[in-house]
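>>> kindly generate the corresponding structure for this input.
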Amino acid sequence: MSKPALCVGVSLMTLFACGEPPLENLEPVARPVKSQIVDAPQGSGVRNFPGRIESANRADLAFRVAGTIEVLATQEGAQVTRGQTLARLDQTDFEIALKDRQATWDRASKDFERGKELVAEGAISRRDFDRVEANFKTADAALEQAKQNLEYTFIRAPFAGQVAQRHVDTFEEVRTGQTIYSLIDAESLEVQIDVPENIILLLSATGGEPGENASNVKVWASFDVGADKRFPMSFKEAATRADAQTQTFKITFSLAQPEDVTVLPGMTASVTVDLSALVDEQAIYYLPLTAIVGDNTMSPRVWTIDDESMTVHERKVTLGRMVGSKIEVTDGLEPGLRIITAGAAYLDEGMKVTLMQQSEQAEPLDDTDQATS
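Below is the predicted model of the structure:
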């Protein structure tokens, strides 16, 4: 190759090399992350929940024998007293069966009395007497069953209350156990609410049962009618297992029937729970465990996002208790901050990020997949 050709080749290589930007000036690739906005703190102690009114005493009443309804003695909405007859079946067949069992019992009873005399005299063997005695006991049990079946043709109110619903009509054939009346006690009411796991934990003493701390909690109910009035309630019981669909726990409170407001089972209420006696005065936030990372000293940190520059910045936080899949943050946060909740372990100060679309956030990659993306 001649010297001029060599010079031209070197010049062209230099020209192309100068046209490429230096590697250190390349724009870094923004990492997609999952995030959430920090909500208002849960440290005020006052919570509001929708409530359901139920009767403390309620029962579905049914006959214990099958038959034809002859009498329905009361209608829906009627007030009844304890022991009052509410319904009766046609008793004809049951009375015939009772007479038959009575005749069998009379004969077996006479044989038994005669047998006691004969065995004492040695006129019959002990084995023959045992057979006579067994027949009498069988007849006696059959008679008692026939009397009981006749009694089962009645439905009587187990407590004073109100007929909430009548499920059948007169002369209808009904089977054993079929509901005839639904009875409630409208004077003894319950209010049920569903609460998240952090509330049930507050109400539970350490190592105790749910609701063990509820005596320190003030609870009121209010209704659409007379909404300016609050009615105090007392804790009754709390569920120990979360609902499979809502993942909430049911808590039941007792409510005395208000004198100036009509409250019936099936109505709704607004329930106010004052947890001030159980919570600290400091604000408490709840974040997913995946939002928490540790620095080189293993101190807990979170990554916040600057919405203008879309860069991340480390922030020190103070942690509290774990509550299911979340953890309490007692210091270091404020409402409105955008916190990274997935991919936090692979970030550096000032790194640019992009927010995942909502559809992508519904099924986020785990940390391992993100590390390799």
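>>> contacts only, for residue 133.
By CB atoms under 8 Å, 6 or more residues apart in numbering, the contact set of residue 133 is 112, 115. The way it works is simple: take the backbone N, C-alpha and C, and place the C-beta from them, glycine included.
>>> tell me which element it is part of?
helix 126-151 (DSSP states H and E).
>>> ok, and for that helix, which residues are buried?
For helix 126-151, burial by neighbour count (16 or more other CB atoms under 10 Å) applies to 129, 132-133, 135-136, 139-140, 142-143, 146, 149-150.
>>> could you do stretch 172-190 as well?
Quick answer for stretch 172-190 (16+ other CB under 10 Å): 174, 180-186, 188-190.
>>> using pLDDT, spot the least trustworthy of the residues you listed.
Among these, residue 186 has the lowest pLDDT, at 78.
>>> backbone dihedrals for that residue, please?
phi -70, psi -10 (degrees, to the nearest 10).
>>> pretty sure it is touching residue 159, no?
No - between residue 186 and residue 159 there is no contact under CB atoms under 8 Å: 11.4 Å.
>>> count of residues packed around residue 121?
8 (other CB atoms under 10 Å).
>>> and residue 195, how far is that from residue 252?
11 Å (CB to CB, to the nearest Å).
>>> with pLDDT added, can I get the buried residues of helix 126-151 in CSV?
Formatted as CSV, these follow (pLDDT from 0 to 100):
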residue, pLDDT
129, 93
132, 95
133, 95
135, 96
136, 96
139, 97
140, 97
142, 97
143, 97
146, 97
149, 97
150, 97
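>>> just send those residues back as CSV, with distance to residue 316 too.
Shown next, in CSV, are the buried residues of helix 126-151 (distance: CB to CB, whole Å):
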residue, distance to residue 316
129, 94
132, 93
133, 89
135, 90
136, 89
139, 87
140, 84
142, 83
143, 84
146, 82
149, 77
150, 80
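>>> can you count the residues close to residue 230?
15.
>>> so what's the residue nearest to it when sequence neighbours are not counted up against?
Leaving aside its sequence neighbours, residue 230 sits nearest to residue 220 (CB to CB, 6 or more residues apart in numbering; 3.9 Å). Contacts for residue 220 (CB under 8 Å, 6+ apart) come out as 230-233, 271-272.
>>> ok so, going back, tell me the helices and strands packed up against the helix or strand following the helix holding residue 133.
Going down the chain from helix 126-151, the next helix or strand is strand 154-156, by DSSP H and E. Packing partners of strand 154-156 (3 or more CB pairs under 8 Å, 6 or more residues apart in numbering; DSSP states H and E): strand 85-89.
>>> which of the residues in the strand it packs on are classified as buried?
Residues of strand 85-89 classed as buried: 86-89 (neighbour count, 16+ other CB under 10 Å).
>>> those residues into a markdown table, with extra columns for pLDDT and distance to residue 291?
As requested, the buried residues of strand 85-89 are exported to a markdown table (pLDDT from 0 to 100; distance: CB to CB, whole Å):
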| residue | pLDDT | distance to residue 291 |
| --- | --- | --- |
| 86 | 97 | 60 |
| 87 | 97 | 61 |
| 88 | 97 | 67 |
| 89 | 98 | 66 |
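>>> among these, which pair sits farthest apart?
Pairwise distances across the buried residues of strand 85-89 peak at 12.0 Å for 86 and 89 (criterion: CB to CB).
>>> longest single helix anywhere in this protein?
If you go by DSSP state H, the chain has its longest helix at helix 92-121.
>>> now that one: buried residues?
94, 97-98, 101, 104-105, 108, 111-112, 115, 119.
>>> would you list those residues in CSV and tack on pLDDT and distance to residue 168?
Shown next, in CSV, are these (pLDDT from 0 to 100; distance: CB to CB, whole Å):
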residue, pLDDT, distance to residue 168
94, 97, 19
97, 97, 23
98, 97, 25
101, 97, 29
104, 97, 34
105, 97, 34
108, 96, 39
111, 95, 44
112, 95, 44
115, 94, 48
119, 90, 53
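>>> which of those lies closest to residue 330?
residue 94 (70.6 Å).
>>> isn't the closest one up against residue 150?
Yes - if you go by CB under 8 Å, residue 94 and residue 150 touch, sitting 4.6 Å apart.
>>> what sits opposite residue 166 in the beta ladder?
residue 181 (DSSP bridges).
>>> how is residue 240 assigned, secondary-structure-wise?
coil (DSSP: H, G, I helix; E, B strand; the rest coil).
>>> number of nearby residues for it?
Neighbours of residue 240 (other CB under 10 Å): 12.
>>> pick out the most distant pair among the contacts of residue 220.
Farthest pair in the contacts of residue 220, by CB to CB: 232 and 271, 11.3 Å.
>>> who has more neighbours, the two?
The neighbour comparison of residue 232 against residue 271 (other CB under 10 Å) goes to residue 271, with 23 against 11.
>>> quick one, phi/psi of residue 258?
Dihedral angles for residue 258 - degrees, to the nearest 10 - are phi -60, psi 140.
>>> can you put the buried residues of strand 85-89 in JSON lines and add distance to residue 35?
Listed next are those as JSON lines, based on distance: CB to CB, whole Å:
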{"residue": "86", "distance to residue 35": "61"}
{"residue": "87", "distance to residue 35": "63"}
{"residue": "88", "distance to residue 35": "68"}
{"residue": "89", "distance to residue 35": "67"}
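>>> quick check, nearest of those to residue 165?
Taking these together and measuring to residue 165 by CB to CB, the closest member is residue 86, at 12.3 Å.
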